[in-house]
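>>> I need the structure of the sequence given here:
(one chain, ligands or ions: 1)
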Amino acid sequence: MRIRGAGRIARAGASAIGEFARTYEGDSLERFLRDLDGAVATIIASRPTAVSLRNGVLSAVKGVSSASTLEEAKAMAAENAERFARSSSKAVETIAAIGAKRIKDGDTVLTHCNSSAAVGVIKGASRQGKSVKVYATETRPWRQGIVTVRELADAGIDVTLIVDSAVRSVMRSVDEVFVGADTITSDGVLINKVGTSQIALAANEARVPFYVCAETYKFSPLTLSGDTVVIEERDAAEVAKPGEIPDSVKIFNPVFDSTPGRYIDALITEEGLIPPGAVYSVMCRLWGVQTPFKE
Ligand code: RUB
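Got it, this is the predicted structure:
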């Protein structure tokens, strides 16, 4: 939780692989490749829900096993990692430029949790000189909304913090909702911070457009071959302090939820604005239909 947000997690994972390669002290290529596999597995297992982490880490090791010397393998992993970090940051900028066009001067928008892609879109609209008001949810239990409101306030944006349960109360005065993504499945389902699906339902009921700001490395090739997304559950102490409630009370603390594509108006990606139903074809175009089935 020291690194949050699926994009940052992916860049940190890829950079960790780069660092591992640069600082590796052994002298055997075979041993390096084995250790690299171990590092990949450890990093991917650290956050099970965000496929961005897996995609970032795998892009850092792409082609490395075919290197003919240890030095070549190390350099390849380090370069791949840097390339991923650069293209990932660039994707967030492109999404900001595309998404900002969806916000009109004087609009009120709502965002949830702390998504650098969604915050980037809102800041992008503000930079274009549009007056934007923002409702940001607190996002229990970790309260990532506090980070969001600080970022927006620092950018001079008019922002109001609300508790998660106030979403429906404000939805009538909202013009668009912008959220981020941890994972997007091949059939266009969004996996994002818990509470996102309720916001999508409230937006749908009030006929407010619901946009997902997501780099395409949030698309999950695993789901293309039938896997489901593991929803991370975190410590009960995040919800209630020890001793605060009777020991017999159970606590369920899932930190992500899934929003069906029918509640999503569009995905704002660095490849452009795409409907949730097009995720499959975009994945095939970007990665080739064969790739997921080989993994
Ligand atoms: C953060 C979260 C964000 C997405 C997208 O959860 O759910 O909405 O990760 O963020 P956590 P970004 O704080 O548990 O990591 O757009 O920055 O990738």
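
>>> What residues does the chain have near the ligand?
Contact residues, the chain versus the ligand (C-beta under 6 Å from any ligand atom): 4-8, 113-117, 144, 180-182, 192-193, 255. C-beta here means a position set from N, CA and C on the backbone, and glycine is covered the same way.

>>> Quick one: the helices in the stretch 151-295 of the chain, in order.
In chain order, the stretch 151-295 of the chain shows helices spanning 167-171, 196-205, 221-224, 279-287, 291-294, with DSSP state H, counting those that start in this stretch as the criterion.

>>> where's residue 147, which helix or strand?
Here residue 147 is covered by helix 145-154, with elements defined by DSSP states H and E.

>>> again, but for residue 72
Following DSSP H and E, one finds residue 72 within helix 70-100.

>>> Please name every helix or strand in contact with that helix.
In terms of contacts (3 or more C-beta pairs under 8 Å, 6 or more residues apart in numbering; DSSP states H and E), helix 70-100 is packed against helix 6-22, helix 29-45, helix 51-61, helix 116-127, strand 210-213, strand 266-269.

>>> cutoff 10 Å now
Contacts defined by 3 or more C-beta pairs under 10 Å, 6 or more residues apart in numbering; DSSP states H and E place helix 70-100 against helix 6-22, helix 29-45, helix 51-61, helix 116-127, strand 210-213, strand 266-269, strand 272-274.

>>> Could you spell out the sheet neighbours of the following helix or strand past it, each with its direction?
Per DSSP H and E, the first helix or strand lying C-terminal to helix 70-100 is strand 108-111. Looking at strand 108-111 with DSSP bridges, its partner strands are strand 133-137 (parallel), strand 176-179 (parallel).

>>> Quickly compare the ones you listed and say which is most buried.
Neighbour counts averaged per stretch over the strands paired with strand 108-111 are highest for strand 176-179, at a mean of 26; criterion: mean count of other C-beta atoms under 10 Å.
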